[in-house]
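Q: the sequence and its predicted three-dimensional model are supplied below.
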Amino acid sequence: MWLIARRSFAESWTRLTATLLAAVFSIGLIAGALQFTLRAQEAVSGSDASEYSRADVLVQGGSADPDDPYSPPDGRVALSAVAGRPGVAAAAGDAMVPVTASGSDGEPILPPAGAGTALRPWTPDGRLNPYHLESGRAPAADGEVAVTRHVARAGGLDVGDTLKVLLPKQSRDMRIVGIVTVQGHSAVASGDLLLAPPGTVAQAAGLPAGTWQSVWVRASGGSASELRTALARELGKDVTVRTAADVRHAQSAELQAAGGSIGGAIGMISSVAVFVGLFVVANTFGTLVRQRTRRLALLSAIGATPRQIKRLIRFEALALGVVASAGGTALGYPVSALLTHLFAEDGFDISAADAQYGWIALAIPAAAGILVTQLAARRAARRAAKISPMEALRDASTETAGRRWPRVLGALAVFALAWIFFGGVFGIRSEEPPGPERTAGTSVMVLLGCMTTVASLAVLAPFFVGPLGGLVGRIGTSVSGEAGRLARATITRSPRRVSSAASSLMLGVALVASTALIVLSVDARFATTGREVMRADHAITATGMTSDGQAPLPRDAARKAAAVPGVTAAAALTTSEVKLVSPPPKKPSPEEDPVPVYLTVTGADQAAVPAVLKLGGRLPRLGDGQVALTSTVMKGQKIKKGQRVVVRGARGRVELTVAAAYHDPSHLFADQALVSEATMDRLDPAAATQVVLVRGGTERALSRAFADAPGLKVLDRDGYVKTASAAMTKGMSVIYGFIGMALVLALFGMATTVSMSVGERTREFGLLGAVGATDAQIRSIVRWEAATVVLLGSLLGLGTALGTASLLHLATGSSFLAPNAPWWLFALVIAGAAAVTHAVSALPAKRAVAIASPTH
């Protein structure tokens, strides 16, 4: 069998090359998806660097959110109250001021992996200072900063350059005097750091002289836990004393959980790549085996047993898998680099993590390549073992009728597997309250179920070839005469060959049409509701993106806009995240801890809100200490109007009265909660300004007023709704990248199948040429067969896309996922499918003409 396999490779190397390329691209997509997932996970959870690495104890003013290890404490602590106490060898004040830094190109510098950027004090005491100067010196004067290495690299900056820093209440230009690393890393677990002299940070944080948010402590002797106990006893209940090790462990656990969530989300998206790869390799390998029916039948005739034939096919698949695994694993790195670039475009930078070369990144794609080719060859080997010696007398292009029931039962089994995912929808809807989490969970289950359903349709595809082939044949006969009749005969005689190409096209059409339906529905809903809610004529927003969406604006933007002639109202929308403390969240089960509930709060000038926004419900002018909640939040948390709730913001616990329920159908302006400017100052004085909505005035006058503020732009109503919705749907670039590469792979699989199907019909085309068929007739036969592929693939693909969109709408109940497809989408998809099929069948048609030529 080894000699037979070697001879088979030598004689069929062109066909094997096409299958090999399909396998390489498939495994490359799988490897790229895996490497991208590992890199993103490493960027989120891989950095164990901590600014607290040299501290033993942290004394925090007031208290900190126990569910968020990165939250700043809500109180103040005097440095003098800690320094000099027994057991304290060194003490240094610390504060965190969230900022946005811009690089040499003026664009915001994205912190690594969705983290943040903070202004922190440089610690002069070497016993507590964790920062290692890679170049330059320590900051000494106001306006000087040392930055972590990631800031310098991502922003294209060096020592001596000017860094534009947007503070909570002003924008400043600071000069970089040093570049640092922390424990050998370019950033810390919480993100990027800008290190300034202590006085600069204290002023930016609004701290009274001598007080800090927390104090780092170095023990002079004894254990950190003993010092923590002593300090907690001596300082009282106005502070929280924790060991630095506990804080580092909490941050590490948070990062690991976040890394797992990111990896899981990307893994869900990359499952499309795995599915398409398996689908394409199985299709092309099955076509390759079907082409060799006569050769395998001859082997059976000369004494080869079914077991030997199975071994032959599996050995070929193994050799193919080994070579494809090596090439695909190498191809995965540029694929991962492309996805990393697309991820950064959406505001999530994972470039802080290097490309992964560990055994997981190398061994899993290699093993996946061998596994995929073996699974693809399994069915083909089983079919090859059943070929009887009499098949040697049959033309390879002619298929036996076969039994229908095994194929039907196989399709039903695959469809039953899809219901494992569809059934999960009911579980999510019964356990999760209405909200983004439930919508996301049900959407994932529906998409996985529909993806599995595509496989069952591919199994049933040969049953549709006969009726559609007859329809195409009749049209072909009326248009092309005898060539159409011959095309009809070849189509109906070999349904598996036609369905193989149509299945790949179906997959491509389903990917494109499903994505288009979802995107068009979401965009249309955002546009409609955004125009309804936004009464303002203009919006002033930042041009750059951060990991949290649009970059923040300077705090004085609303005041400047209100001073422009013709402006009748200007309202700045500030946002902050608070934790709902009371009423407490319910436990999922008696054994599990309750999941913390965080709300996005929007602050706005209540006098200007009615002029710039039209929110649903009866929304009064909110006073200090009042909050309006969306009806979804009130229903999910069982909160009633007039009830008092307690939330925890950046400044600690604040009691608020629920004054009204409202609804923002666009989800773009005040998605969960709305408060006055005074209440927002109590919750978070450093809340970021996301947009300034302006009523009246002209775009030219507003642009002139902000000409001295680079990075800002003035948009009309439609322009801002489009920009804000794009920020809400960030991450789509990566999804488009996955789907685009999967589409290319599916179309390559179709082209390979069409080309190989022409190769297996050498005798057929030769006989047609011998009996007088012209070159035009041969081309017509191939093209009418391609028309059947277009019709079958388009119908199944569009049906799958419509079914997916309809199920998403039913499962989520979201008006943003309505299956309202415009008529031109179907025409565009079918025209695109026809153009692609015509393009990939042009070369096979030319080959068919060459085969039929009398000189051949």
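A: Happy to help now that I have it.

Q: going forward, measure contacts and count neighbours with C-alpha atoms only.
A: Noted.

Q: show me the shaky parts of the stretch 251-400 of the chain.
A: 255-270, 273-274, 289-297, 346-347, 352-353, 376, 379-381, 383-400 (pLDDT under 70).

Q: 50 - rerun?
A: For the stretch 251-400 of the chain, the stretches flagged by pLDDT under 50 are 392, 395-400.

Q: surely R54 touches N129?
A: Yes - with contact defined as C-alpha atoms under 8 Å, R54 counts as touching N129 (6.9 Å).

Q: which stretches of the stretch 601-750 of the chain form helices?
A: 609-612, 631-637, 677-683, 699-705, 717-728, 732-759 (DSSP state H, counting those that start in this stretch).

Q: ok, the stretch 201-350 of the chain next?
A: With DSSP H, counting those that start in this stretch as the criterion, the stretch 201-350 of the chain has helices spanning 224-235, 244-291, 293-301, 306-345.

Q: what separation is there between A324 and T373?
A: 9 Å (C-alpha to C-alpha, to the nearest Å).

Q: which neighbours do these two share?
A: Listed as contacting both A324 and T373 by C-alpha atoms under 8 Å, 6 or more residues apart in numbering are A23.

Q: any idea how far apart the tips of stretch 752-767 sit?
A: 24 Å.

Q: that older thread, winner for burial among the helices of the stretch 601-750 of the chain?
A: Mean neighbour count, computed with mean count of other C-alpha atoms under 10 Å, is highest for helix 732-759 among the helices of the stretch 601-750 of the chain, reaching a mean of 22.

Q: my guess is T602 contacts V675, does it?
A: Yes - here T602 lies in contact with V675, judged by C-alpha under 8 Å, at a distance of 6.2 Å.

Q: got the contact list for the closest residue to A650 other than its chain neighbours?
A: Spatial nearest neighbour of A650, excluding adjacent residues (C-alpha to C-alpha, 6 or more residues apart in numbering): D684 at 5.1 Å. Contacts for D684 were tallied using C-alpha under 8 Å, 6+ apart; they are 576, 649-651.

Q: so what touches stretch 708-722?
A: Contacts for stretch 708-722 (C-alpha under 8 Å, 6+ apart): 106-107, 526-527, 530-531, 534, 536-544, 553, 668, 699, 702-703, 706.

Q: what do you get if the cut-off is 6 Å, keeping everything else the same?
A: With contacts defined as C-alpha atoms under 6 Å, 6 or more residues apart in numbering, stretch 708-722 is touched by 530, 537-543.

Q: how about JSON lines for those, with distance to S171 added?
A: Compiled in JSON lines, the contacts of stretch 708-722 are given as follows (distance: C-alpha to C-alpha, whole Å):
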{"residue": "G530", "distance to S171": "30"}
{"residue": "D537", "distance to S171": "26"}
{"residue": "H538", "distance to S171": "23"}
{"residue": "A539", "distance to S171": "20"}
{"residue": "I540", "distance to S171": "16"}
{"residue": "T541", "distance to S171": "15"}
{"residue": "A542", "distance to S171": "13"}
{"residue": "T543", "distance to S171": "16"}
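
Q: in strands only, show me those.
A: 538-542 (DSSP state E).

Q: ok, of those, which one's closest to I313?
A: Nearest to I313 among those is A542, at 59.7 Å by C-alpha to C-alpha.

Q: list the contacts of that closest one.
A: Shown in contact with A542 (C-alpha under 6 Å, 6+ apart): 551, 711-712.

Q: separation between L29 and G369?
A: L29 is 11 Å from G369, by C-alpha to C-alpha.

Q: can you check G321 too?
A: Distance from G321 to G369, counting by C-alpha to C-alpha: 5 Å.

Q: these two: which is more packed in?
A: Remark: of G321 and G369, G369 carries more neighbours, 33 against 26, as counted by other C-alpha atoms under 10 Å.

Q: so that one, which of the three states?
A: Here G369 is recorded as helix under DSSP: H, G, I helix; E, B strand; the rest coil.

Q: nearest residue to it other than its sequence neighbours?
A: S325 (4.9 Å).

Q: again with L505
A: Excluding the flanking residues, the one nearest L505 by C-alpha to C-alpha, 6+ apart is G793, at 5.1 Å.

Q: okay, now the unreliable bits of the chain?
A: 392, 395-401, 856.
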